[in-house]
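Student: The sequence and its predicted three-dimensional model are supplied below.
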Amino acid sequence: MKILILPGDGIGPEITEVTTAALEALDSRFGLGLELVRRDVGLAAIKAVGHPMPDDVMAEIEKTPLTVLGPAGSMEYPPEARTLPSPSMAIRGAFDLYANIRPSRTRPGIPSVAKEMDLVIVRENTEGFYAARLMHEGRGEFMPTPEMAMSLRKITVEGSRRIARAAFELARTRRRKVTVVHKANVFRMTDGLFLSEVRSVAEDYADIEFDDVIVDAMAARLIRHPETFDVVVTTNMFGDILSDEAAELAGGLGLGGSINASDERAVAQAAHGSAPDIAGQDKANPTAHLISTQMLLQWTAIQGGDNQLAAAAQHMEAALDDVLADPANHTPDLGGGTGTRAFGEALARAIAE
């Protein structure tokens, strides 16, 4: 099974090395027959071919079952490349990866604001306010005059229904509760449409508890009662913000794993950025990248009914929990002094054992 690994920018190459070593250890233990192939995207690709997302890499993604994507640091790109789609944007758009799945849970040994939390935010990934994802041609954010800036928002019936179905199907594998987050009291047409369609889909899932919360109330309730949520479904920008909040409550963005998925494929990508301020210093926490990769293996196993891959994914998650439970393995963002490489070595040992 081929896995395409795209390290990306900033801390991307460092955390990718850890993920690669973990996959090699997992392959050795479970005999998965993995073929790990690395390709450059982002700044390295700009330097080589003038584009952050080369056409040949896009073509290879289309032919490859699994892709692991590192962070993009587009602010570090030369000016002529900043208007080009980042690797993340290019991949999400080309393959219609409409669902961004971001779990957050408290873990033994990890200092966290939340005492107890185990939720998943299911974020619509292709619509909303984010300009580069709205138009067939041109941007959804524009300036009619130098003194005025405007942004368009896109919400569709099909986009709303399919992300709702993804959330309800996920809830059936968990604690059977879905919360939709919105601002329909203000955005009466756009959020009103989203809320209406999610409610309509909910009628097909009588076995799932369902409620809705206005986004500002949700931001507060996440802090006060995070343990009351299971699966949260929402629009693009709200999901982006709330998932970062949830990650911080669980211990920090260094734990923020995610996958971007359609009905046919998924791409692993940590929720955090490229952190150029600590790049190359052996300080980065690779956990989010590892969680994302574990989620990708699990998603692929479920889609293909592959019990061996499912067992490997579960083993990887358990090994990661064991390593994180020991404060001696904590990276600086978690209050420890362990470096990126040493963390990876501890995880590889745990997987092997």
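Tutor: Noted; the coordinates are in hand.
Student: can we go C-alpha only for contacts and neighbour counts from here?
Tutor: Will do.
Student: buried residues in stretch 195-212?
Tutor: Along stretch 195-212, the positions that meet the burial threshold by neighbour count (16 or more other Cα atoms under 10 Å) are L195, S196, E197, V198, R199, V201, A202, Y205, I208, F210, D212.
Student: Identify all contacting residues around the host helix or strand of V181.
Tutor: Using DSSP states H and E, the secondary-structure element containing V181 is strand 177-182. Contacting residues not belonging to strand 177-182 are listed as 167-168, 171, 191, 194-195, 198, 208-215, 218, 229-235, 238 [Cα atoms under 8 Å, 6 or more residues apart in numbering].
Student: what do you get for stretch 287-304?
Tutor: Residues from elsewhere that reach stretch 287-304 (Cα under 8 Å, 6+ apart): 15-16, 19, 66, 68, 70, 253-259, 266-272, 306-310, 313-314, 316-317, 320.
Student: which among the residues you listed end up buried?
Tutor: The neighbour count (16+ other Cα under 10 Å) marks 15-16, 19, 66, 68, 70, 253-259, 266-272, 309-310, 313-314, 316-317, 320 as buried among the contacts of stretch 287-304.
Student: returning to that earlier point: make TSV out of the buried residues of stretch 195-212 and add secondary structure and distance to H51.
Tutor: Supplementary listing: the buried residues of stretch 195-212 in TSV, determined by DSSP: H, G, I helix; E, B strand; the rest coil; distance: Cα to Cα, whole Å:
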residue	secondary structure	distance to H51
L195	helix	39
S196	helix	41
E197	helix	38
V198	helix	38
R199	helix	42
V201	helix	41
A202	helix	43
Y205	coil	45
I208	coil	45
F210	strand	44
D212	strand	42
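Student: just the residues you listed now: which is nearest R29?
Tutor: For the buried residues of stretch 195-212, the closest approach to R29 (Cα to Cα) belongs to I208, at 37.6 Å.
Student: which residue packs closest to that closest one, ignoring adjacent ones?
Tutor: Spatially, and ignoring its direct neighbours in sequence, I208 is nearest to R176 (4.9 Å; Cα to Cα, 6 or more residues apart in numbering).
Student: Now do that neighbour against Q314, distance only.
Tutor: Shown here: R176 relative to Q314, a distance of 21 Å by Cα to Cα, to the nearest Å.
Student: before we move on, what about G305?
Tutor: Distance of G305 to Q314, given as Cα to Cα: 14 Å.
Student: so I3 sits in a helix?
Tutor: No - under DSSP: H, G, I helix; E, B strand; the rest coil, I3 sits outside any helix and is assigned strand.
Student: let's number from 5 now, not from 1
Tutor: Yep, numbering from 5; the last one is I7 now.
Student: How many residues are close by the nearest residue to R157 once chain neighbours are set aside?
Tutor: Spatially, and ignoring its direct neighbours in sequence, R157 is nearest to F133 (4.6 Å; Cα to Cα, 6+ apart). Other residues near F133 come to 19 when the count uses other Cα atoms under 10 Å.
Student: Surely F133 is in contact with M241?
Tutor: Yes - in terms of Cα atoms under 8 Å, F133 counts as a neighbour of M241; the distance is 6.6 Å.
Student: list the contacts for the residue nearest to R157?
Tutor: If you count contacts by Cα under 8 Å, 6+ apart, F133 has them with G144, S155, L156, R157, K158, N240, M241.
Student: measure it to I15 for me?
Tutor: Plainly put, F133 is 28 Å away from I15 if you go by Cα to Cα.
Student: Equivalent analysis for R33, please.
Tutor: For R33 relative to I15 (Cα to Cα), the value is 28 Å.
Student: ditto for L38
Tutor: Per Cα to Cα, L38 is found 24 Å from I15.
Student: try M93
Tutor: Between M93 and I15 the computed distance is 19 Å (Cα to Cα).
Student: Counting neighbours, go ahead and name the busier of the two.
Tutor: I15 (28 against 17).
Student: Let me see the contact set for that one.
Tutor: With the criterion set at Cα under 8 Å, 6+ apart, I15 makes contact with P75, S278, A279, P280, I282, A283, G284, A288.
Student: In these, which residue is surrounded by the most others?
Tutor: By neighbour count, taken as other Cα under 10 Å, the most surrounded of the contacts of I15 turns out to be P75 (28 neighbours).
Student: Could you pull up phi and psi at that one?
Tutor: P75 has phi and psi values of phi -70, psi 150 when expressed as degrees, to the nearest 10.
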